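Enquirer: just a sequence and a predicted model for now, questions to come.
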Amino acid sequence: MAALTPIEDYALIGDCETGALVSRGGSIDWLCLPRFDSPACFAALLGTPEHGRWLLAPADAPRAVRRRYRPGTLVLETEFETGQGRVAVVDCMPLRSGAPDVFRVVEGRAGQVRMTMELVIRFGYGSVIPWVRKTDQGLTAVGGADLLRLETPVPLHGEDFHTVAEFTVNAGDEVPFCLEWQPSYRPVVRHQDPVRSVKETEEWWREWSGRCAYTGEYKDAVVRSLITLKALTYRPSGGLLAAATTSLPEQPGGVRNWDYRYCWLRDATFTLYALMLGGYTEEARDWREWLVRAVAGAPSQAQVVYGVAGERLLPEWEVPWLPGYGGAAPVRVGNQAATQFQLDVYGEVMDALHCARRLGLPHDENAWRVQRALADYVASAWREPDEGIWEVRGPRRHFTHSKVMAWVALDRAVKAVERYTLPGPVDVWRRARDEVRADVCRQGFDAEAGTFVQYYGSRLLDASLLMIPLVGFLPATDERMIGTVRAIERHLATDGFVARYATVPEVDGLPPGEGAFLPCSFWLADNLALQGRRAEARRVFERALAAGNDVGLLAEEYDPRAGRLLGNFPQAMSHMAVVNTAANLTSHTGPAEDRKRS
């Protein structure tokens, strides 16, 4: 069996409608076409090479491998050095004008290098072996409604349902490969020129990143995070995915494997601030419009998660023929969280739309109509237990963070009336807001331990409590928050890496164990900065930032003992946190300070 490729050995390429993961070894092991949540064409990431991959690498083991994103872009360049010379594989997906393409160009840098290519196309998450035919330009592969077409000047031949090739690259050579998807029932259309398309894609990303308005410290990390967030945006709708993958485990070999190729309302305010800090007003506006469309309808039917275009039906099912990353099973498609009641998301949506108004996005009358309905619903539903921010699969509880976010929903509704003279029953909202606050301070705080707790009546901690000062519920310097931060540092943190909570079956209904949750580490840095512990905050931030891989990408979680990334990858929430916390550390008017004064 081939050695498991670490998650940190992958890099993302994409066209703002889908994405692919490319390993340091030159293999594309994950690719969903035509969009992020489609059945994979390459699923070796969660299975074996037999489930689909595209390898392009030296025939002999390289002495060294160096890779980078070309500055300011999502164009990946992987350079291999062998005993005979140096060669680079340049990978990208151009923003599409029609069908999605993957371009790979092999550039000879020095000497002469023998290269090998292996293409294994599998539709239906690795289950469908297509019918492959040779053409004058390469091949076509058809399986049901899907067609992939490869064009290259390199001679190809088939071996055991794989397509393989060997060729030699000399210094100065450029050998192109272009893979394009289209519906199998439409006429075949010729590809663009790969070499020219790579240059045009590079120019597009340079122009986009060159508009970044962020001027604080850690700018390289901020720009890379903004590029990653742009890549995870589904351009036709404006929705932002949580990650490009499904079922990368939160615990090696475990069952905490979820599908993150969807859009979470919980990311709303973090996304908005990150985009506005970067000066990307158009993307922020598109995200706000996606939010309004997604939650339109009866407030009681609002979901925590939606499809990339706003779809609501996301049934969760298992893929039994894929063994999972490192044997972590089951592999899941869809997300059961779409059916959960999570009170906190109402606060996130209300806060995001309020912040959009404060940050200068044009007024949207539909947005306020939605906000009014949401505020009315929260005023009547905040006493109900829910599944909480971490989408537990145990019983519903009165989670402290959820109640705090209910307070946020009502607080932002009140401020919309008070500051912007928008119409609404402000007395009702203000009274409910005060009741929520009193309830949280009475039942969500353990006076004996001197800390807020995960849920009413428990003594457990939860890193989501770090959000309390970030949303303005209490100052970070309040003694109750000082005690909470110290308790989280003592019981949930390892070298500054913060776990979400103690994973015990009675809380989340799953076997215990997972890595540190990287966004929580950034939230800890935010709290330390607000408490005046700025040197400690920088150390926590820089340590979490250093958990990223060699091209600056972060997963959802990190194992500080093994030094390995865990969970779905790359993770939007982690990269939002990079942008926001960098601003918090280099400015006294960053998002943490601004949001709590909303």
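Expert: Good, I have the coordinates. Numbering: from 1, shown residues only.
Enquirer: quick one: residue 102 and residue 94 touch, right?
Expert: No - look at residue 102 against residue 94 with C-beta atoms under 8 Å: they stay out of range, at 9.2 Å. (Glycine included, C-beta is placed from N, CA and C.)
Enquirer: neighbour count: the two, which is higher?
Expert: Set residue 102 next to residue 94 and count neighbours by other C-beta atoms under 10 Å: residue 102 wins out with 28 against 20.
Enquirer: next, the buried residues of the helix or strand hosting that one.
Expert: Per DSSP states H and E, residue 102 falls inside strand 101-120. For strand 101-120, the neighbour count (16 or more other C-beta atoms under 10 Å) marks 101-109, 113, 115, 117-120 as buried.
Enquirer: check stretch 408-419 too.
Expert: 408, 409, 410, 411, 412, 413, 414, 415, 416, 417.
Enquirer: same question for stretch 394-404.
Expert: 396, 397, 398, 399, 400, 401, 402, 403, 404.
Enquirer: which members of these are positioned in helices?
Expert: Among those, the ones falling in helices (DSSP state H) are 400, 401, 402, 403, 404.
Enquirer: nearest residue to the last one other than its sequence neighbours?
Expert: Spatial nearest neighbour of residue 404, excluding adjacent residues (C-beta to C-beta, 6 or more residues apart in numbering): residue 473 at 5.1 Å.
Enquirer: and the helices in the stretch 101-250 of the chain, which stretches?
Expert: Listed in chain order, the helices found in the stretch 101-250 of the chain under DSSP state H, counting those that start in this stretch are 123-126, 194-210, 219-231.
Enquirer: can I get those in JSON lines including distance to residue 152, mean pLDDT and mean neighbour count?
Expert: Listed next are the helices of the stretch 101-250 of the chain as JSON lines, based on distance: least, C-beta to C-beta, whole Å; pLDDT from 0 to 100; neighbours: other C-beta atoms under 10 Å:
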{"stretch": "helix 123-126", "distance to residue 152": "21", "mean pLDDT": "97", "mean neighbour count": "23"}
{"stretch": "helix 194-210", "distance to residue 152": "9", "mean pLDDT": "95", "mean neighbour count": "17"}
{"stretch": "helix 219-231", "distance to residue 152": "25", "mean pLDDT": "98", "mean neighbour count": "22"}
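Enquirer: how about those helices in CSV, adding distance to residue 58?
Expert: What follows is these, written out as CSV (distance: least, C-beta to C-beta, whole Å):
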stretch, distance to residue 58
helix 123-126, 26
helix 194-210, 20
helix 219-231, 28
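Enquirer: quick one, which of those gets closest to residue 521.
Expert: Ranking the helices of the stretch 101-250 of the chain by their distance to residue 521 (criterion: C-beta to C-beta) puts helix 219-231 first, at 14.1 Å.
Enquirer: which outside residues touch the closest one?
Expert: Applying C-beta atoms under 8 Å, 6 or more residues apart in numbering, the set of residues contacting helix 219-231 from outside is 12-14, 16, 19, 69, 72-74, 205, 208-209, 212, 214, 216, 240, 271, 274-275, 277-278, 280, 283, 545, 548, 551-553, 570, 572, 575-576, 578-579, 582-583.
Enquirer: can you select the buried ones from those residues in ChimeraX?
Expert: In ChimeraX syntax, the buried subset of the contacts of helix 219-231 is picked out as below (16+ other C-beta under 10 Å):
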select :12,13,14,16,19,69,72,73,74,205,208,209,212,214,240,271,274,275,277,278,280,283,545,548,551,552,553,570,572,575,576,578,579,582,583
